[in-house]
Each structure stands twice: as C-alpha cells, then as structure tokens.
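1. Fold the following, please.
(chains A, B, C and D)
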Protein chains: 2
Amino acid sequence: MKKKKTTIKDIANVLNISAAAVSKALHDDTRISDKTKKAVKQVAENLNYQPNHLASALRSGKSKLVGVIVPRTNSNFFSSVLQNIEEVLNKKGYNIIITQSNESYKKECDNIDTLLFTQVDGIIASMANETVDLSYYEKVKSKGIPLILFDRGENDLNVDYIGINDYESSHSIVEHLVNNGCKRIAHIGGYKRTRIFNNRIRGYIDALKKYNLPLDTELLTESGLTIKDGREMMQQLLNLKERPDAVYVAGDYAALGALQVLNENNIKIPEEIALVGFGNEPFTDMVTPRITSVKQHSEEIGKQAALAFLKYNKDEVVHQTLNKIILNAELIVRDSSNKKALLN
Amino acid sequence: MKKKKTTIKDIANVLNISAAAVSKALHDDTRISDKTKKAVKQVAENLNYQPNHLASALRSGKSKLVGVIVPRTNSNFFSSVLQNIEEVLNKKGYNIIITQSNESYKKECDNIDTLLFTQVDGIIASMANETVDLSYYEKVKSKGIPLILFDRGENDLNVDYIGINDYESSHSIVEHLVNNGCKRIAHIGGYKRTRIFNNRIRGYIDALKKYNLPLDTELLTESGLTIKDGREMMQQLLNLKERPDAVYVAGDYAALGALQVLNENNIKIPEEIALVGFGNEPFTDMVTPRITSVKQHSEEIGKQAALAFLKYNKDEVVHQTLNKIILNAELIVRDSSNKKALLN
DNA sequence: TACATTTGCTTAAACGTTTAAGCAAATATA
DNA sequence: TATATTTGCTTAAACGTTTAAGCAAATGTA
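-> Residues are numbered from 1 along each chain as shown, chains lettered A, B, ... in the order given. Presented below is the predicted three-dimensional model:
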C-alpha cells in the first residue's frame, strides 16, 4: 500500500546495468557512454525518479543546504537580504533554510543547533540584539562550518562580515541636520554592545564634536529600537526642559514610534523637531511626513554574503579569517528633515 | 587534518558494546539497562556527540522537517503565521524550512521541488497570486506527503485548509460603511481566481444588494493588490465622473497605495471618501489617518496549520480530504472610515 | 603484431543510523 | 526442578546514494 519511491536501483534493473552506472550517468561522468546516459535519463524521467537528497548528502558529506539566521523576517531589509542570498545560492545548487531569532539569544542558539543538526554546509547570520556571548558561534566555527555574518556582526569571531559604513553614515546624518540649521541633535540609539549601533553612536558623537555642538548625555539613549522603544525615548526627550531640535534614530521602526509621538503632540516636523531614521524601510516613504533615512543596499549585502560562503564550498578544510566587506550606505533625504526645502 | 565527527560507533568502542546498543540507549529503549544508558549518555556528552540527522532520516524515512511556502515573508501576517507554525512544530521535534514564492508560480514550483528534494515530511503553503495550475500541488499529494494550505487555498485539492470567513468579513465591512452613511462603495479587489478574493468580492456584491446600493462595474476592480496596484486603482476611481464615497480594498498594502493617492489629492478621509483595508498590517495603525482593517488572527492560523499537519505524522499511509477550519476575522474600526466619530 | 591506453562498465564498500531477529543469561512460574 | 519468560545485549541488514578499485573489450601506437 505504501508508495515506494523510484530509486537508482529501479532504473538499473530496467536497463540491466549496475546502480553505480546509473549514478554516474545521471552525473554525466565521462566514463559513461552517451548512449547509456540517454537511456538512463529517459528511464529516470519515465519512472519519475527524484534523487534522494538524504542518501547523497550522507554519502558525500555535503548537504547542499545553507542555514540563514535573521532577527526577524518581517522587515524589508532582512526579507530583501534573504531573497538575494537565495537567488545567488540557488544558482549554485544550494538551498537555504531560513530561521528567525526574534532578537532572542536563546532562540538564536536553538536555531544554530537546528541548523547544525540538519547538517547545513554553512551558516549566514545576523545576530540578535541580545547576543553578547559568542560561544555558540565559536561552536559553529570549531566544526569547520563556514560562518558568514552580515549587518549585526562581531569582529572577535574572525569570520567574513558584510555590512555598511555605519560610522560614516551616522556622521553624514548629523552633517545633514547641521546643514539644515539644527543645533541640538538627539540620538535614539541601539545598544552600544552591538557593533553597528556602537559605530553609529561614535559617528554621532564625533560629528557633534566636529561642529562644536553640545554633547549632552540626556540627548543620547540606548534601546532595542522597537516602535515602542522609539515612542518611549521620544517621550523622554520631549520631557526635557531643553528639547532637541532634531532627533536621529538608529532604526526606522523606532523612528516611526518617535514620529507618532511627535504627531500626537502636534509638534511640527521638521520645523520644531527634525527627524531621521535608519534603514530606509518602505514605510518611511509612506507616513506623514515622509522620514529621511539611510539605504543599506540590502540586495548587495545578500549577494555578497552568499558569495562569501561560496568561496569555501570547495575547501576540504575551512580556515576563516576576519574579512570585512563594507558597502557605502546612502542618505535618502525626505520631508521629515528637509528644512531647507521649506525656505524656498 | 579534517575534523572527524563523533559517531555512535565511537561511543560503542569506548564502552566495548555494539553500535546498536548505543543507538537504543540514546533512544531510551526498554531493553537496555539503566547502567548502560547512563554510561552511553555520559560518553556521548564527553565526546560531544551530535546525532547525524541525515543518517537517521535516511534510515527511518522521516526527516522531521516541514516545508513552508509563503508568497513573501515581509508582511506581518505571513511572518506571524510562520512564527506560530514554528513554535508548535518545534515542540514536537520538527524543524521548518521557510521558502518564498514572491507571488510567482514558477518560483512556487521551484520551492516545491526544493522541499520534496529535501525530503520534508509535510508542506504547509499559502499560494502565490499567479497560481492557477494545481498540478504541482497534486504532485505533492500523490507522493503521500501531507499538504496543508492556509489563507490562499483551493478547495479542489481536497486537503486541509485554514482560513478566515472572507465572505462574511467582506459583508460586514460594507455594512459598517453603510452604517457610516456611505452610499457609493467601491471595491479594489484581488484576482477573482483566488478563492479568498473571490469570496470577498461575493461578500461585497451581496451586501450591496442587501442594502439596495448600486452595483456599478466601474466600482469593482481586480489586481495583485500591491501598493502600486492600490495607487493605480484609486486613481482610476478618482477619474470617474461619479466618484465613490467609500473604497474597500481587499489588502492593506493596496489600501496604503490608495491612501497615498487620496492624500496627494487632498481628499478628506473619511469625510469625502472613507477607506477600509484588509489584513490589519501594523502600518494601518501608523499612517495618517489610521486605516480601518480586518484582523485575520494570524497566530491562530499558524497554530492550526501546524496542528493539522501533526494529525498525519503517525500515519503510515496519508489519506487527506477537504477539511476546512474557518476562523472569524475581526473588523478593527479606525479613523479612515469612522464618520460617526466625527459627528460627536 | 605486440603492447599501451582508453572506454565503459561492474563490484563492493562506505556514509551513520535504525531495527528485525536472535541468543545467552537471569529471573519468574508451576 | 523443569520450563517459560524477561532482560540485555549482539549481529547483520537496510536506507539510497557515491566512489575507489578493478576488469574486459575496444581502440590507439609503434
């Protein structure tokens, strides 16, 4: 009753040749005659043969699967990176397994275990906000499985990393705000322990210094950059005796929360307070006013991450070193910070 | 030089017992003494043993992997469904492989091939907009692999389906608009060939009839419901000699596009034209004005889809029949359609 | 013609598990 | 005490591939 799948042996029996010959024929081995190859492929098609991936993976030690770990999929950035990773890897015969950490360290560890268990040939990951302990990633490395990080990475792991120039981008955001006449610029930042957010904070601070602006600790906050965090931090800033005249938020979702609070308080944007986000999520271009943000080239990040993995796919023994690819992000100026446009 | 992984045999050698005994000990077979079990588990831990999933899957014929196909991951609805599917299945020892069709039929077929190739134990899917030919899904069924559909499904496949009461929801949207004084209600719908969109269209039409409202063909459009589609269809409606006083859009992204066009044309919402979306994506609560929408209970859909799959996991031979679980969606009234609130 | 090389296959082992069958020793039953 | 049952393991085959080694026939070379 149970449906039996067609195997290589079934094909072999039909043609009265060995299973080995069938395997070789299907892989276009040079030592198999064209006649046999043609016959094998024909029979394979007739019997609706589908190779058993588990068997070949077990035998060859290569699963042709790559695991990807992202904090979440429902952001345009990650979704776009995923799509591009998939596109590049599919062409090379790899399939990808997507997992989400939901910004949880525990979940991230579980994801790594799942992927190792599934015998993936490599892991491409962007770390959760919570992640500080790198031992789980060290485990991946110690198993000789190529590890590629993007966006949220860590130098100390000494693996490939694809990201953008956060420091410089942050610097130019402040520059842009200064050029628009802002004098008291706040920063709703991510957690400093995460390298990219630390870099954005450094860029912010150094730019303030450069333009001789006040570096007020109450203008600099750290959070998980959710919509809720954005709301809370913005409210906090509004409660100050001396309010900022610009707020640069290190993530678009938090920027959206900030925008909501500003709108609810009938604060004119950008006249009273200018607003800048980070990530160029599609909604930044949909809300009122449209939010100035930074485009991270998610397509290129995805492609480069996939290519970084592919570098290792022929190596017997994988030896990774810190290898950074840093792309130049792009500031997209919109209404929320464009005070100059109002003057015309 | 190549790192050798610890196998069951290594453990067997250490303890001078057979590999079979080790396998059984690790699975808590009753015929293995507690003493041996303890020893095996201790050695397994010491040697950092990780079971080879490929080998066990090959032998047992069960991969403990479930494939999920969604049109895209970067919508809150699908992302939330995914999370809940994963949560339920993980508890039962299954892992999920997420793939995206990007609303493309071709990609969807590729995804199915990928998943079959990976030897998944089941497939949970929501169909692409483009999909009309069901032969690829028939292929899944014919292989005896449980197939569960959600949201975008098809009765003709005779498999499990989890969705919401689209017809009734659509009906109550029109009812809500009527209650708010709207007399000329347009519908920016999805493609009729997709069951859920067809049901929404039917609900719309029947509700119009019930309230003796004009059923004007120029007020009813079909599209892919992207933001762009929403913009175009809204523009089309504005160009009519007799404009509608309400627009009900069958998807939130298209509703957003419609909103943009209305705002750009300085049309007062809801006074001049009331707007309703579908899906309750987070941004409906973020834009100005906030968009009335329908909450689809994505969490419950995800859970039920996972449970529907689990029903089959013990069966040797899978026999599926049409088995629908229909959840009641919930209308979330917001500013974009709440004319009554303005009267107070 | 004699030998070397190439072609086209076969055989058999291997990948790391699981599991049916079996067997000896220990324990229970009458 | 003799027999039946249970306990605790072992042996060996199997899952569906890949691949190293080998061999006979065909073809090439001198």
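2. What residues does the nearest residue to A:Leu220 once chain neighbours are set aside make contact with?
-> Leaving out its chain neighbours, the residue that sits closest to A:Leu220 by Cβ to Cβ, 6 or more residues apart in numbering or on different chains is A:His187, at 5.1 Å. From N, CA and C alone the C-beta is placed, and that goes for glycine too. By Cβ atoms under 8 Å, 6 or more residues apart in numbering or on different chains, A:His187 lies in contact with A:Arg200, A:Ile201, A:Tyr204, A:Leu219, A:Leu220, A:Thr221, A:Val247, A:Tyr248, A:Val249, A:Ala250.
3. taking those residues one by one, which sit in strands?
-> Mapping the contacts of A:His187 onto strands (DSSP state E) picks out A:Leu220, A:Thr221, A:Val247, A:Tyr248, A:Val249.
4. now A:Ile273, nearest residue through space, not along the chain?
-> A:Ile267 (5.6 Å).
5. Can you give me the pLDDT of the one you found?
-> For A:Ile267, the pLDDT comes out at 97.
6. any idea how far A:Arg72 is from A:Thr226?
-> Going from A:Arg72 to A:Thr226 by Cβ to Cβ, to the nearest Å gives 11 Å.
7. actually A:Asp34, sorry about that
-> 61 Å.
8. Buried residues, stretch A:129-146. List them.
-> By neighbour count with 16 or more other Cβ atoms under 10 Å in any protein chain shown, stretch A:129-146 contains the buried residues A:Asn129, A:Glu130, A:Thr131, A:Tyr136, A:Tyr137, A:Val140, A:Lys141, A:Gly144, A:Ile145, A:Pro146.
9. And stretch A:215-226, by the same measure?
-> Buried, per 16+ other Cβ under 10 Å, within stretch A:215-226: A:Leu219, A:Leu220, A:Thr221, A:Glu222, A:Ser223, A:Gly224, A:Leu225, A:Thr226.
10. How about stretch A:146-161?
-> Quick answer for stretch A:146-161 (16+ other Cβ under 10 Å): A:146-154, A:157, A:159-161.
11. mind listing which of those residues are in strands?
-> Per DSSP E, the subset of the buried residues of stretch A:146-161 in strands is A:Leu147, A:Ile148, A:Leu149, A:Phe150, A:Asp160, A:Tyr161.
12. Can you read off the pLDDT for whichever residue of the stretch 151-300 of chain A sits closest to DNA strand D?
-> Closest to DNA strand D within the stretch 151-300 of chain A is A:Asp160: 26.1 Å, counting by Cβ to the nearest atom of the strand. Listed pLDDT for A:Asp160 reads 97.
13. How about it: which residues does it bridge to?
-> A:Ile148, A:Asn323 (DSSP bridges).
14. hmm, who's touching the least confident helix or strand in chain A by mean pLDDT?
-> Using mean pLDDT, DSSP states H and E, the weakest-scoring helix or strand in chain A turns out to be helix A:339-343, at a mean of 84. In this structure, residues lying in contact with helix A:339-343 by Cβ under 8 Å, 6+ apart are A:Asn179, A:Asn180, A:Gly181, A:Cys182, A:Pro270, A:Glu271, A:Ala274, A:Asp335.
15. Could you check how far that helix is from the centre of its chain?
-> Centroid displacement of helix A:339-343 relative to its chain, using Cα atoms, centre = their mean, to the nearest Å, is 35 Å.
16. buried stuff in that helix?
-> Result for helix A:339-343 [16+ other Cβ under 10 Å]: buried residues A:Lys339.
17. where are the low-confidence patches of the stretch 201-344 of chain A?
-> Residue ranges of the stretch 201-344 of chain A with pLDDT under 70: A:316, A:344.
18. from the stretch 101-250 of chain A, which residue is nearest to DNA strand D?
-> Closest point on the stretch 101-250 of chain A to DNA strand D, by Cβ to the nearest atom of the strand, is A:Gln119, at 13.1 Å.
19. which residues touch that residue?
-> Taking Cβ under 8 Å, 6+ apart, one finds A:Ala57, A:Ser63, A:Leu65, B:Asn52, B:His53, B:Leu54 in contact with A:Gln119.
20. Now do the domain split for chain A, please.
-> A:8-51, A:63-163+A:298-324, A:166-296+A:331-343 (automatic domain parsing).
21. Go through those and name the closest to B:Phe78.
-> For the domains of chain A, proximity to B:Phe78 was assessed by Cβ to Cβ; domain A:63-163+A:298-324 is nearest, at 7.7 Å.
22. Now do the helices in the stretch 151-300 of chain A.
-> Secondary structure of the stretch 151-300 of chain A (DSSP state H, counting those that start in this stretch): helices located at A:166-179, A:195-210, A:227-238, A:252-264, A:298-310.
23. Just say which of these is most tucked in.
-> helix A:252-264 (a mean of 24; mean count of other Cβ atoms under 10 Å in any protein chain shown).
24. got the CA positions of that helix in PDB?
-> Extracted in PDB, the C-alpha atoms of helix A:252-264 (Å, rounded to 0.1, in the frame of the first residue of the first chain):
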ATOM      1  CA  ASP A 252      13.300  53.000  11.200                       C
ATOM      2  CA  TYR A 253      10.800  51.200  13.400                       C
ATOM      3  CA  ALA A 254      11.900  53.300  16.400                       C
ATOM      4  CA  ALA A 255      11.800  56.400  14.200                       C
ATOM      5  CA  LEU A 256       8.200  55.500  13.400                       C
ATOM      6  CA  GLY A 257       7.400  55.400  17.100                       C
ATOM      7  CA  ALA A 258       9.000  58.700  17.600                       C
ATOM      8  CA  LEU A 259       7.100  60.100  14.700                       C
ATOM      9  CA  GLN A 260       3.800  59.000  16.200                       C
ATOM     10  CA  VAL A 261       4.600  60.700  19.500                       C
ATOM     11  CA  LEU A 262       5.600  63.900  17.700                       C
ATOM     12  CA  ASN A 263       2.400  63.900  15.700                       C
ATOM     13  CA  GLU A 264       0.300  63.200  18.800                       C
END
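25. Could you name the helices and strands sitting against that helix?
-> strand A:185-189, helix A:227-238, strand A:246-249, strand A:274-276 (3 or more Cβ pairs under 8 Å, 6 or more residues apart in numbering or on different chains; DSSP states H and E).
26. So what's the gap between stretch A:142-154 and the chain middle?
-> That offset, for stretch A:142-154, works out to 12 Å (Cα atoms, centre = their mean).
27. is DNA strand C contacted by it?
-> No. Using Cβ under 7 Å from any atom of the strand, stretch A:142-154 stays clear of DNA strand C, coming no nearer than 12.8 Å.
28. what's the first-to-last distance across that stretch?
-> 16 Å (Cα to Cα, to the nearest Å).
29. Give the rounded mean pLDDT of it.
-> On average, stretch A:142-154 scores 93.
30. now stretch A:55-62
-> pLDDT averaged over stretch A:55-62 gives 92.
31. how about it: buried residues?
-> Those would be A:Ala55, A:Ser56, A:Ala57, A:Leu58, for stretch A:55-62 by 16+ other Cβ under 10 Å.
32. Dump those residues to CSV, plus secondary structure and distance to DNA strand C.
-> Listed next are these as CSV, based on DSSP: H, G, I helix; E, B strand; the rest coil; distance: Cβ to the nearest atom of the strand, whole Å:
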residue, secondary structure, distance to DNA strand C
A:Ala55, helix, 7
A:Ser56, helix, 8
A:Ala57, helix, 9
A:Leu58, helix, 4
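33. And A:Asn74, how close does it get to DNA strand C?
-> From A:Asn74 over to DNA strand C the distance is 35 Å, taken as Cβ to the nearest atom of the strand, to the nearest Å.
34. ok, now which ones touch the residue of the stretch 151-300 of chain A closest to DNA strand D?
-> Contacts of A:Asp160 by Cβ under 8 Å, 6+ apart are A:Pro146, A:Leu147, A:Ile148, A:Leu149, A:Ala305, A:Ala308, A:Phe309, A:Lys311, A:Gln320, A:Asn323, A:Lys324, A:Ile325.
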